[in-house]
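Q: just coords:
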């Protein structure tokens with residue numbers, strides 16, 4: 001059994017790590033320095049806010065460095081790296097700032113919102129009522145006038161921006177004024193765009209009026225899988241006080257050490273990285289659009305984030321496309337959201353986006369045998385095996 005598991009991991013790493021064009025927008029790749037820390041001795045250790053465990057002085061320093069870097073990178077008054085995932089970070093926000101029967105407004109699952117925030121997930125267990133932002137599918141964004149009118153009418157306890165399908169900055173600044181008038185907390189789930197926010201290329205939710213910015217750390221932000229919670233002093237201190245042991249017991253210090261390295265890399269290289277991510281997304285979207293793929297929002301330049309969206313009318317047809325691409329070693333999800341996080345981190349630029357678009361065209365539009373395209377995909381990836389935007 002042990003040999004079988006080791007063999008499967010080796011096969012996975014050889015295939016996904018070395019031979020695939022990864023276009024999944026919710027994935028990225030860490031630097032060797034950050035990745036190495038995940039298997040450090042920190043993996044075995046505990047600590048607690050009550051100083052119950054001895055032998056934690058270096059762990060405490062790591063946490064201090066991580067929080068300091070996070071506050072610098074995101075220009076936040078408070079930072080907490082302990083949430084174990086973006087979903088846990090969402091849970092922390094709602095558990096701290098809502099009560100049962102409160103109304104929460106966010107982007108609906110049908111409009112590309114995060115399913116974990118929608119009716120069958122957190123609202124079901126925390127007992128708050130969730131309603132949808134008025135949303136334009138044509139512009140893939142919140143409708144400002146309708147949203148502000150709805151907030152005035154229903155007076156939600158919390159208004160949360162962010163989405164899983166996230167192409168454009170959302171109107172935080174415009175909506176927050178009305179939210180404050182009805183005493184609503186304003187949150188921003190930046191899971192997908194955290195790296196772009198850190199790299200100053202998307203929007204700045206905390207400067208635009210959000211009380212808290214939270215989410216996962218492994219999508220456009222190139223850290224390990226996990227979560228982060230950033231906020232102004234008032235709301236952040238409340239969260240930090242309740243984090244342990246309410247929402248997180250052992251915070252996985254190997255992950256926090258790796259995230260701290262990623263934040264240092266983001267501080268140093270984030271602007272160049274994030275700018276290239278967006279350039280690559282726009283270049284790939286345009287090339288695919290020119291080849292006849294159903295890329296949404298052509299009139300708006302397709303995207304301002306790391307994502308683009310090929311609208312095949314649902315997961316059923318999307319799965320057919322994704323499965324065919326996978327046979328050519330081009331990895332996408334069944335919603336056919338495409339992302340440029342990982343390929344950018346590996347050093348690809350606009351020229352390679354055109355090459356990827358051609359490979360996809362051959363597989364999907366021209367119906368060429370995927371196995372023939374697969375060889376060229378492997379060749380392309382073989383030229384980009386080093387992780388860029390990190391300390392050498």
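A: Looks like it came in fine. Computed from a prediction, not measured in an experiment: that's the story for all the values here. Residues are numbered from 1 along each chain as shown.

Q: residues in contact with the residue most central in space within the chain?
A: The centroid of the chain falls nearest to residue 192 when counting by C-alpha atoms, centre = their mean (2.3 Å). Residues in contact with residue 192 (C-beta atoms under 8 Å, 6 or more residues apart in numbering) are 25-26, 162-164, 166, 215, 219-220, 305-307. C-beta coordinates here come from the backbone N, C-alpha and C atoms, glycine included.

Q: what about it, which SS state?
A: Following DSSP: H, G, I helix; E, B strand; the rest coil, the label given to residue 192 is coil.

Q: so how far is residue 183 from it?
A: Residue 192 sits 28 Å away from residue 183, going by C-beta to C-beta, to the nearest Å.

Q: same question, residue 72
A: Applying C-beta to C-beta, the value for residue 72 to residue 183 is 31 Å.

Q: Specify the local secondary structure of the residue nearest to residue 386 when sequence neighbours are not counted.
A: Nearest non-adjacent residue to residue 386, counting by C-beta to C-beta, 6 or more residues apart in numbering: residue 347, 6.5 Å away. Secondary structure, three-state DSSP: residue 347 is coil.

Q: what's around residue 347, how many residues?
A: The number of residues packed near residue 347 is 15, by other C-beta atoms under 10 Å.

Q: Quick check, it in contact with residue 388.
A: Yes: using C-beta atoms under 8 Å, residue 347 is in contact with residue 388, at 4.5 Å.

Q: just the strands in the stretch 201-350 of the chain please.
A: Along the stretch 201-350 of the chain, the segments classed as strands by DSSP state E, counting those that start in this stretch run 212-216, 227-231, 307-309, 330-331, 337-339.

Q: Please identify the deepest-packed of those.
A: Mean neighbour count (mean count of other C-beta atoms under 10 Å) peaks for strand 227-231 among the strands of the stretch 201-350 of the chain, with a mean of 29.

Q: Report the angle between that one and strand 212-216.
A: Angle, strand 227-231 to strand 212-216, by axes from the mean of the first three to the mean of the last three C-alpha atoms, to 10 degrees: 170 degrees.

Q: Within the sheet, what are the partner strands of strand 227-231, with directions?
A: strand 78-80 (antiparallel), strand 212-216 (antiparallel) (DSSP bridges).

Q: Compare those strands and give me the one nearest residue 199.
A: Evaluated over those, closeness to residue 199 peaks at strand 212-216, with 14.1 Å, by C-beta to C-beta.

Q: distance of the residue nearest to the centre of the chain from residue 155?
A: Distance, residue 192 to residue 155, by C-beta to C-beta: 29 Å.

Q: swap in residue 267?
A: Here residue 267 is placed at a distance of 40 Å from residue 155 (C-beta to C-beta).

Q: now do residue 322
A: 41 Å.

Q: ok, the two, which is more surrounded?
A: A side-by-side neighbour count of residue 322 and residue 155, using other C-beta under 10 Å, places residue 322 first with 21 against 14.

Q: sorry, back to before: turn the strands of the stretch 201-350 of the chain into CSV, columns for distance to residue 34 and mean pLDDT.
A: Below are the strands of the stretch 201-350 of the chain laid out as CSV (distance: least, C-beta to C-beta, whole Å; pLDDT from 0 to 100):
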stretch, distance to residue 34, mean pLDDT
strand 212-216, 15, 98
strand 227-231, 14, 98
strand 307-309, 23, 98
strand 330-331, 22, 98
strand 337-339, 20, 98
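
Q: Output those strands as a markdown table; include the columns distance to residue 384.
A: Formatted as a markdown table, those follow (distance: least, C-beta to C-beta, whole Å):
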| stretch | distance to residue 384 |
| --- | --- |
| strand 212-216 | 24 |
| strand 227-231 | 28 |
| strand 307-309 | 20 |
| strand 330-331 | 14 |
| strand 337-339 | 16 |
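
Q: Could you pull up the residues touching residue 277?
A: Shown in contact with residue 277 (C-beta under 8 Å, 6+ apart): 195-196, 199, 201, 220, 306, 340-341, 344.

Q: Just among these, which is most surrounded?
A: Within these, residue 220 tops the neighbour count with 35 neighbours, counted by other C-beta under 10 Å.

Q: tell me the phi and psi of that one?
A: When quoted as degrees, to the nearest 10, the phi and psi of residue 220 stand at phi -70, psi -30.

Q: my guess is it contacts residue 195, does it?
A: Yes: with contact defined as C-beta under 8 Å, residue 220 reaches residue 195; the gap is 3.3 Å.

Q: Name the residues contacting each of these two.
A: Common contact partners of residue 220 and residue 195 (C-beta under 8 Å, 6+ apart): 28, 274, 277, 306, 341.

Q: Quickly name whichever of those is closest to residue 170.
A: Residue 170 lies nearest to residue 306 out of the shared contacts of residue 220 and residue 195, by C-beta to C-beta, at 15.2 Å.

Q: what's the spacing between the closest one and residue 201?
A: Counting by C-beta to C-beta, the gap from residue 306 to residue 201 is 10 Å.

Q: overlap in contacts of the two?
A: 277-278.

Q: Let me see the ranges of the helices in the stretch 251-392 of the chain.
A: Secondary structure of the stretch 251-392 of the chain by DSSP state H, counting those that start in this stretch: the helices cover 253-290, 315-327, 341-345, 350-360, 370-382.

Q: right, and the ones you listed - which one's nearest residue 4?
A: Nearest of the helices of the stretch 251-392 of the chain to residue 4, taken as C-beta to C-beta: helix 315-327 at 23.1 Å.

Q: what's that closest one in contact with?
A: Around helix 315-327, the neighbours that count as contacts under C-beta under 8 Å, 6+ apart are 310, 312, 331-336, 360, 363-364, 370-371, 374.

Q: for stretch 44-60, same thing?
A: So stretch 44-60 is contacted by 42, 244-245, 249-251, 253 (C-beta under 8 Å, 6+ apart).

Q: Dump those to a markdown table, plus pLDDT.
A: Formatted as a markdown table, the contacts of stretch 44-60 follow (pLDDT from 0 to 100):
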| residue | pLDDT |
| --- | --- |
| 42 | 97 |
| 244 | 92 |
| 245 | 91 |
| 249 | 91 |
| 250 | 91 |
| 251 | 94 |
| 253 | 97 |
